[in-house]
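In: I'll drop the sequence and a predicted model, then ask my questions.
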Amino acid sequence: MTGTSGISGVSEHSEEKRCRVVVLISGSGTNLQSIIDSAAGENSPYAVCAVISNKAEAYGLTRAQTAGIATEVINHRDYPDREGFDSALIETIDQYQPDLVVLAGFMRILTPGFVRHYSGRLLNIHPSLLPKYQGLHTHQRALEAGDREHGATVHFVTEELDGGPPIVQATVPIEPNDSAETLAQRVQVQEHLIYPLAVQWFAEGRLRMNGERAELDGQPLPPCGQRIDSRA
Ligand SMILES: Nc1nc2c(c(=O)[nH]1)N[C@@H](CN(C=O)c1ccc(C(=O)N[C@@H](CCC(=O)O)C(=O)O)cc1)CN2
Ligand SMILES: NCC(=O)N[C@@H]1O[C@H](COP(=O)([O-])[O-])[C@@H](O)[C@H]1O
């Protein structure tokens, strides 16, 4: 495990307690960047305290270091099994005393023990309109199915892979000449809007997980979460 130190989104003179967020990544970190940028505001209700990657080459680590945020690398290949990796993750994450753990392009399936440890304060963004296309390669699957629309979902993480209660969804049209790459780019524009929104809702105490449903301001959200249409 290797790391640097620092906290972003918390001004030196900040007295109020901001929601402490730890972000897990595996790659480019564009969703991380949108969350960092959103936390930079003077009145942000949250601060990114640390970014942890299972891949040392993840560009998201550079994004975090540029923002003065502590970084850690925990390589899943250094552990004999998922339980060992997840235990090391928990030990490192908890050093930062998070109120919320955010998966932002984190590409490892987490064990039931990890999910239970952070139950109700663990979010993920998935590149499909859940419950459609759980798992990987979602853009290609939507194209091959001939879908006319696609999108992304922010959801609470549960033991069921990509099966947790949706919080917010953004839809995008699928164009006739789309490739998986062009569709992914269109989806990511919306991801960068809805993920900071969901993190802010949680940090403001407005969002909670209540069994199988997510609640916003005490009201159950629809089964697909709050819908945001990019064409609106
Ligand atoms: N228990 C849970 N773990 C994770 C969830 C979840 O909802 N419950 N969400 C995923 C994020 N995700 C899709 O949004 C996802 C990530 C990774 C995989 C996957 O098959 N990973 C492989 C390795 C793939 C690779 O290294 O490229 C694996 O772990 O063997 C599927 C879906 C995060 N975890
Ligand atoms: N199943 C998880 C998954 O596929 N997540 C997807 O990985 C990308 C990460 O991009 P980023 O590293 O630039 O945020 C995002 O598009 C996210 O939806």
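Out: Happy to help now that I have it. Residues are numbered from 1 along each chain as shown. Ligands and ions are numbered 1, 2, ... in the order given.
In: buried residues in the helix ranked longest in the chain?
Out: The longest helix of the chain (DSSP state H) is helix 180-203. Under the neighbour-count criterion of 16 or more other C-beta atoms under 10 Å, helix 180-203 has 183-184, 186-188, 190-203 buried. From N, CA and C alone the C-beta is placed, and that goes for glycine too.
In: And the contacts of the next helix-or-strand element following that helix?
Out: Downstream of helix 180-203, the first helix or strand assigned by DSSP states H and E is strand 207-210. For strand 207-210, the external contacting residues (C-beta atoms under 8 Å, 6 or more residues apart in numbering) are 119-120, 156, 164-165, 167, 198, 201-202, 214-216, 220.
In: Pairing partners for strand 207-210, with directions?
Out: Next to strand 207-210 in the sheet, as set by DSSP bridges, lie strand 213-216 (antiparallel).
In: How about the strand it pairs with and ligand 1, any contact?
Out: No: Strand 213-216 is not in contact with ligand 1 by C-beta under 6 Å from any ligand atom; minimum separation 13.6 Å.
In: on contacts alone, who are the packing partners of the helix or strand following that strand?
Out: Using DSSP H and E, the helix or strand that directly follows strand 213-216 along the chain is strand 219-220. Applying 3 or more C-beta pairs under 8 Å, 6 or more residues apart in numbering; DSSP states H and E, one finds that strand 219-220 contacts no other helix or strand.
In: Could I have the CA atoms of the following helix or strand past strand 219-220 written out in PDB?
Out: Heading C-terminal from strand 219-220, the first helix or strand you meet, by DSSP H and E, is strand 226-229. Taking C-alpha atoms only, strand 226-229 is exported to PDB below (Å, rounded to 0.1, in the frame of the first residue of the first chain):
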ATOM      1  CA  GLN A 226     -35.100  10.000 -10.000                       C
ATOM      2  CA  ARG A 227     -35.100  10.200 -13.800                       C
ATOM      3  CA  ILE A 228     -33.200  13.000 -15.600                       C
ATOM      4  CA  ASP A 229     -33.700  13.200 -19.400                       C
END
